[in-house]
Structure formats: structure tokens, C-alpha cells
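> please find the sequence and the predicted model below.
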Amino acid sequence: MEPNLMNRFNEYLLEVLNSDIPYYQEIISYLNEHKGKQIRSRLSLLCARLGGKLNGKSYRAALIVEILHTASLLHDDIVDRSKERRGVPSVNEKWGNKVALLSGDIISLKALLLALSNEDYDIFKIYVKAVEKIVEGELLQMKKSVSLNTDEETYFRIIEAKTAAFFSAACKAGALSTFTHEDQIEQLSLFGMYIGIAFQMKDDLFGFGHENVGKPIDNDF
Ligand code: FPP
Ligand code: MG
């Protein structure tokens with residue numbers, strides 16, 4: 001991956017998220033200062049590049065997943081009552097639940113509008129379906145964490161929905177921007193899903209270790 005590719009991506013990201021609403025600018029700067037690994041958007045761009053030269057739609061596919069993922073973390077930290085994210089206080093901890101919730105709403109709508117205003121209806125549908133799956137996964141996890149009877153099949157159902165859905169959507173949307181063959185796009189969608197499953201298993205294993213991962217590790221028990 002060229003070093004300046006992600007720099008360009010992050011410049012676009014700030015442009016897309018720009019707005020002068022109170023609180024909001026502060027939160028965007030805070031999120032920008034404490035970025036994550038941006039693994040979903042990197043995967044999206046790499047899948048796009050497998051099929052040819054990156055274009056505007058390739059960048060939009062990657063931007064949308066990054067923003068939706070960030071929104072989902074703002075909401076997730078409220079749901080999990082988590083005080084820390086990426087080694088610093090979470091947005092809910094710093095500004096409160098209301099601001100964190102509404103900021104998550106605004107940025108996710110901005111991401112979806114980016115697809116709609118460019119008539120990327122295929123990408124729009126992929127991401128809306130992924131968000132639906134993620135929220136379903138969260139609800140299933142909530143139910144299971146109360147009943148304490150999660151079996152292996154349910155565990156995989158949960159992580160496929162709550163994490164792998166975004167990975168898969170990111171790879172598929174990126175691929176759609178450059179590939180024309182349906183089966184190649186589907187293969188990359190599946191590739192993303194498996195990477196997402198592996199990623200979440202690793203994330204869950206942090207709960208059994210002592211490594212400092214920049215966020216509370218015992219929330220999901
Ligand atoms: C992290 O899980 C969080 C998710 C996988 C997604 C949570 C999604 C929502 C709360 C709703 C989605 C909303 C929008 C706007 C898209 P985790 O708690 O296992 O991981 P963590 O340890 O990083 O907190
Ligand atoms: Mg959480």
C-alpha cells in the first residue's frame with residue numbers, strides 16, 4: 001500500500017465529516033487524533049485495487065465503512081458503558097451518552113448520504129444490510145450474555161453478524177468499484193467475512209490475556 005494512499009484517504013475523510021455544528025467539530029478532531037488501524041477501509045481499498053485502478057467509488061466504499069464503523073463504536077461504548085477506546089477516554093466518557101449517541105447518528109447519516117448523492121445505490125444497499133446485521137448481532141449478544149448459555153454455533157453467528165458483516169461489506173463494496181465479474185466480487189465478500197471472523201476471535205481472546213489493548217478487555221465476558 002503506497003504510504004500516501006491513506007493520507008489522501010484521511011484528507012477525504014475529514015472533508016466528508018466536516019460541519020460546524022456545536023460539539024461535533026470537537027468530536028471529529030478528537031476521533032481524528034485517535035484513529036484506529038483503519039483495517040476495514042484498508043481492506044476495501046486493497047480489494048478495489050485488485051480489480052484495477054482506484055476511482056472515486058473505491059474511495060467512497062472505503063470512507064463509508066470507516067465512518068459507519070466509527071459510528072458503531074460510539075454507540076457500542078454507550079451500550080457497553082465503556083470508558084476507554086483507543087487508549088483514551090471514550091466519547092461517552094468525555095462528552096456524555098447524549099452527545100456520543102447523536103454524533104454517531106450524524107456521522108452514519110453523512111456516510112450513507114455520500115453513497116446516495118453519488119448514486120452508488122449498490123454500495124448503499126451493501127452497507128445498510130451490513131448495519132442491519134450488526135445491530136441484530138448486538139441484540140443477539142445481549143440476549144446471550146444474560147442467559148450465559150452461548151454454544152459454539154451461536155458464538156459464530158454473533159461474531160459473523162457483529163464484526164464480519166462490516167469486513168465482508170468493505171471488501172465487497174471495494175471490489176464493486178473495479179471488478180465487473182459477479183463471482184469475483186462474491187469471492188472477495190467471502191474473503192472479508194473470514195478475515196472478520198478471525199479478527200473478532202483474536203479480539204475476544206484479549207479478554208483472556210493481560211496485554212494493554214487500549215480498551216477495557218472484560219466488558220464482553
Ligand atoms: C464492537 O464490539 C462493536 C460492534 C461490533 C458494533 C456495535 C454496533 C452497534 C452498537 C450499533 C451500530 C450502529 C451504527 C450507527 C452503525 P465489542 O464490544 O465486542 O468490541 P470492543 O471491545 O471494541 O468494544
Ligand atoms: Mg464494546
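Cool, the structure landed. Numbers count the residues shown, from 1 in each chain. Ligands and ions are numbered 1, 2, ... in the order given.
> please enumerate the helices of this structure.
Taking DSSP state H as the criterion, the chain contains helices spanning 3-17, 24-33, 39-50, 56-79, 91-95, 97-117, 121-147, 152-159, 165-176, 182-205.
> quick check: angle from the third one to helix 3-17?
This points to helix 39-50. Per axes from the mean of the first three to the mean of the last three CA atoms, to 10 degrees, the angle that helix 39-50 makes with helix 3-17 is 120 degrees.
> dump the helices of the chain into a markdown table; add mean neighbour count, distance to Arg85 and mean pLDDT as well.
C-beta coordinates here come from the backbone N, C-alpha and C atoms, glycine included. Formatted as a markdown table, those follow (neighbours: other CB atoms under 10 Å; distance: least, CB to CB, whole Å; pLDDT from 0 to 100):
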| stretch | mean neighbour count | distance to Arg85 | mean pLDDT |
| --- | --- | --- | --- |
| helix 3-17 | 14 | 17 | 92 |
| helix 24-33 | 15 | 9 | 94 |
| helix 39-50 | 23 | 15 | 98 |
| helix 56-79 | 23 | 6 | 97 |
| helix 91-95 | 20 | 8 | 97 |
| helix 97-117 | 18 | 10 | 97 |
| helix 121-147 | 16 | 16 | 91 |
| helix 152-159 | 15 | 19 | 91 |
| helix 165-176 | 29 | 17 | 98 |
| helix 182-205 | 17 | 13 | 96 |
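> dump those helices to TSV, plus distance to ligand 2.
Formatted as TSV, the helices of the chain follow (distance: least, CB to the ion, whole Å):
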stretch	distance to ligand 2
helix 3-17	22
helix 24-33	16
helix 39-50	16
helix 56-79	4
helix 91-95	11
helix 97-117	13
helix 121-147	9
helix 152-159	13
helix 165-176	14
helix 182-205	10
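> would a markdown table of those with distance to ligand 1 be doable?
Shown next, in a markdown table, are these (distance: least, CB to the nearest ligand atom, whole Å):
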| stretch | distance to ligand 1 |
| --- | --- |
| helix 3-17 | 14 |
| helix 24-33 | 14 |
| helix 39-50 | 11 |
| helix 56-79 | 4 |
| helix 91-95 | 12 |
| helix 97-117 | 4 |
| helix 121-147 | 5 |
| helix 152-159 | 8 |
| helix 165-176 | 8 |
| helix 182-205 | 6 |
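> so for Lys215, which of these sits nearest?
Lys215 lies closest to helix 56-79 among the helices of the chain, at 8.7 Å (CB to CB).
> now the closest one, how far from the centre of its chain.
Chain-centre distance of helix 56-79: 4 Å, with CA atoms, centre = their mean, to the nearest Å.
> tell me what angle that helix forms with helix 3-17.
Interaxial angle of helix 56-79 relative to helix 3-17 (the same axes, to 10 degrees): 70 degrees.
> packing partners of helix 56-79?
If you count contacts as 3 or more CB pairs under 8 Å, 6 or more residues apart in numbering; DSSP states H and E, helix 56-79 packs onto helix 3-17, helix 39-50, helix 91-95, helix 97-117, helix 121-147, helix 165-176.
> surely Gly6 and Ser44 touch.
To be clear, residue 6 is Met; Gly isn't right here. No: Met6 is beyond contact range of Ser44, at 11.9 Å (criterion: CB atoms under 8 Å).
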